[in-house]
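1. this is a predicted model, with the sequence first.
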Amino acid sequence: MLAILTTHPIQYQVPIWRGLAARGDVPFKVYYLSDQGLRARFDPGFGRALAWDIDLLSGYPHEFIDAHTGQHQDRFTWLRLKPGFGARLRAEGVTVLWINGWQVLAYWQAVREARRHGIAVWLRGESNLRSNRGGLKQSLKWLLLRRLLDRVDRFLTIGSANRAFYLRLGYRADRMHSAPYCVDNARFAAQAAVARSKRADLRAGWSIPADAFCFLSVGKFIPKKRPLDLLEAVRRLQRQRPSRRLHILWIGSGELGPLLREGSTVVFDRDAGLRLDAAKLTGPTASFAGFLNQSEIAGAYAAADALVLPSDAKETWGLVVNEAMASGLPCVVSDACGCAEDLVQSLRPDLCYPVGDIDALVAALAAVLADPPGADQMQRHIEAFDVARTIAAVAALYHE
């Protein structure tokens, strides 16, 4: 039996669990350490309480285990297992334990328990070399991390940068198996098809000018996401192309929200109840639609013309890029994002730029403005990073 230990029900992981259950040839159970996401809880990055609005529990075997949550229940780092987890896995016939990263104390405990009871360990994490750069502090971190990684039997790699990270640490390639980072492509494609039929109404609802090229930002307004880079780049591009109307649709919230609003010509702001006629304004305009849940986000992908992810190296992947591509939307990303090589550079190198280089970002925005890849091209490209690929890889490894 395969035991999967993860922090809480996550909208990107659940389709994998359901797909494994649908195959029926891999006996497994998902063990959750927390029920975050099922009930509204405060998210410090968004600055508000939120819960996902889609079903995250049906269609696969799972259990919420009793864990120590620590003082800060909105953080997962200090989640701890209570005694007896390894013995319980062994009693239930578990032969393989799959953990999803190493940022949680409970994962370290689980690996130790698994090895003690003769249970093999798989790891699927996000880290890459860009997010783990140099210095004495980083070297010490790697020395500590190796104490965990040396106990891992198989690494489920999410992409090229993640695989390179394990190779750099000296682990053999034959211990690595591709399990691409993915979203439910079919769901996003289907939702996008419906939303595109309402594109004009969606844009009007957010006061996006009908003739504007709309750049989309989805995520928290926090420093690692570098949203101010996008704002400045669009302003510069507008000065270069005064006759071409440009717009930014901001989906999310966070600490940089006031600066983004201050630097924008805001025509719609859901939080402030603001709506202006963008047709009467000059220069790039902006709409702030707030946080959109999973059942709503398809509207943003349909209303926009390109997604932009300017994040720094702390963006170990960037699953909004998967979502956008599955929805048929072209993407511009910084080269610091974990998904850059696999999802953007391999398709359109001119849509990937050096992180923090505003002039290079302007050039990338100009490239997608002049020649945006089509929806069919985006959706074909993202097929390599589909839930079905990861499900098949996990099943094949289990039966190896």
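-> Noted; the coordinates are in hand.

2. just the helices from the stretch 1-150 of the chain, written as ranges.
-> According to DSSP state H, counting those that start in this stretch, the stretch 1-150 of the chain carries its helices in the segments 14-23, 85-91, 105-116, 135-149.

3. can you tell me what sits against the first one?
-> Think helix 14-23. Contacts with helix 14-23, where a contact means Cβ atoms under 8 Å, 6 or more residues apart in numbering, come from 4, 26, 28, 30, 56, 59-62, 182-184, 187, 387-388, 390-391, 394-395. C-beta: built from backbone N, CA, C; applies to glycine.

4. try the second one
-> The list of residues contacting helix 85-91 from outside it, by Cβ under 8 Å, 6+ apart, reads 3, 65, 97, 109, 110, 112, 113, 114, 116, 117, 118, 119.

5. which among those end up buried?
-> Among the contacts of helix 85-91, those classed as buried by 16 or more other Cβ atoms under 10 Å are 3, 97, 109, 110, 112, 113, 114, 117, 119.

6. can you pick out the most distant pair from these?
-> Using Cβ to Cβ, the buried ones among the contacts of helix 85-91 span at most 14.5 Å, a distance reached by 3 and 112.

7. need the max-distance pair from the contacts of helix 85-91.
-> 65 and 118 (20.6 Å).

8. and the spatially most central residue of the chain, how far from residue 187?
-> By Cα atoms, centre = their mean, the chain has its centre lying nearest to residue 319, at 2.8 Å. With distances taken as Cβ to Cβ, to the nearest Å, residue 319 is found 13 Å from residue 187.

9. among the contacts of helix 85-91, which one sits closest to residue 154?
-> Distance to residue 154, by Cβ to Cβ, is smallest for residue 97 among those, at 10.8 Å.

10. and the gap between the closest one and residue 172?
-> Residue 97 is 20 Å from residue 172, where distance means Cβ to Cβ.

11. return the residues in contact with the nearest residue to residue 102 once chain neighbours are set aside.
-> Distances taken as Cβ to Cβ, 6 or more residues apart in numbering place residue 148 nearest to residue 102, at 5.5 Å, with adjacent residues excluded. Residue 148 makes contacts with 102, 107, 108, 111, as judged by Cβ under 8 Å, 6+ apart.

12. how close does residue 148 get to residue 62?
-> As judged by Cβ to Cβ, residue 148 and residue 62 stand 24 Å apart.

13. equivalent analysis for residue 96, please.
-> When distance is defined by Cβ to Cβ, residue 96 is 17 Å away from residue 62.

14. okay, strands next: where are they in the stretch 201-350 of the chain?
-> Counting by DSSP state E, counting those that start in this stretch, one finds strands in the stretch 201-350 of the chain at the ranges 213-218, 246-251, 265-269, 274-275, 285-290, 306-309, 331-334.

15. want to throw those into JSON lines with distance to residue 300 and mean neighbour count?
-> Output for the strands of the stretch 201-350 of the chain, formatted as JSON lines (distance: least, Cβ to Cβ, whole Å; neighbours: other Cβ atoms under 10 Å):
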{"stretch": "strand 213-218", "distance to residue 300": "6", "mean neighbour count": "23"}
{"stretch": "strand 246-251", "distance to residue 300": "5", "mean neighbour count": "26"}
{"stretch": "strand 265-269", "distance to residue 300": "13", "mean neighbour count": "20"}
{"stretch": "strand 274-275", "distance to residue 300": "17", "mean neighbour count": "14"}
{"stretch": "strand 285-290", "distance to residue 300": "7", "mean neighbour count": "24"}
{"stretch": "strand 306-309", "distance to residue 300": "9", "mean neighbour count": "26"}
{"stretch": "strand 331-334", "distance to residue 300": "13", "mean neighbour count": "26"}
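
16. and of the ones you listed, who's closest to residue 161?
-> Residue 161 lies closest, by Cβ to Cβ, to one member of the strands of the stretch 201-350 of the chain: strand 331-334, at 12.3 Å.

17. and residue 192, what does it touch?
-> Residues near residue 192 by Cβ under 8 Å, 6+ apart: 298, 301, 302, 326, 327, 328, 329, 375.

18. same check on residue 286?
-> Residues near residue 286 by Cβ under 8 Å, 6+ apart: 231, 247, 248, 249, 250, 260, 261, 264, 265, 266, 267.

19. before we move on, what about residue 110?
-> Per Cβ under 8 Å, 6+ apart, neighbours of residue 110: 5, 81, 85, 86, 97, 99.

20. list the helices and strands the helix or strand where residue 388 lies packs on?
-> According to DSSP states H and E, residue 388 maps onto helix 387-398. Applying 3 or more Cβ pairs under 8 Å, 6 or more residues apart in numbering; DSSP states H and E, one finds that helix 387-398 contacts helix 14-23, strand 154-157, strand 176-178.

21. which of these is buried the deepest?
-> Highest mean neighbour count among these (mean count of other Cβ atoms under 10 Å): strand 154-157, with a mean of 23.

22. who touches the helix or strand just after that one?
-> Next along the chain after strand 154-157, taking DSSP H and E as the criterion, comes helix 160-168. The list of residues contacting helix 160-168 from outside it, by Cβ under 8 Å, 6+ apart, reads 125-130, 132, 149, 155, 157, 173, 175-176, 178, 338, 340-342.

23. tell me what the nearest residue to residue 244 once chain neighbours are set aside is bridged to.
-> In space, and not counting its chain neighbours, residue 244 is closest to residue 213: 6.8 Å by Cβ to Cβ, 6+ apart. Beta-bridge partners recorded for residue 213 (DSSP bridges): residue 246.

24. which of the contacts of helix 160-168 count as buried?
-> Taking 16+ other Cβ under 10 Å as the criterion, what is buried in the contacts of helix 160-168 is 125-128, 130, 132, 149, 155, 157, 176, 178, 338, 340-342.

25. and those residues, which two are the farthest apart?
-> Spanning the widest gap among these are 149 and 340, at 23.8 Å by Cβ to Cβ.

26. returning to what we had before: which of the contacts of residue 148 tops the neighbour count?
-> Greatest neighbour count in the contacts of residue 148, by other Cβ atoms under 10 Å, goes to residue 107: 25 neighbours.
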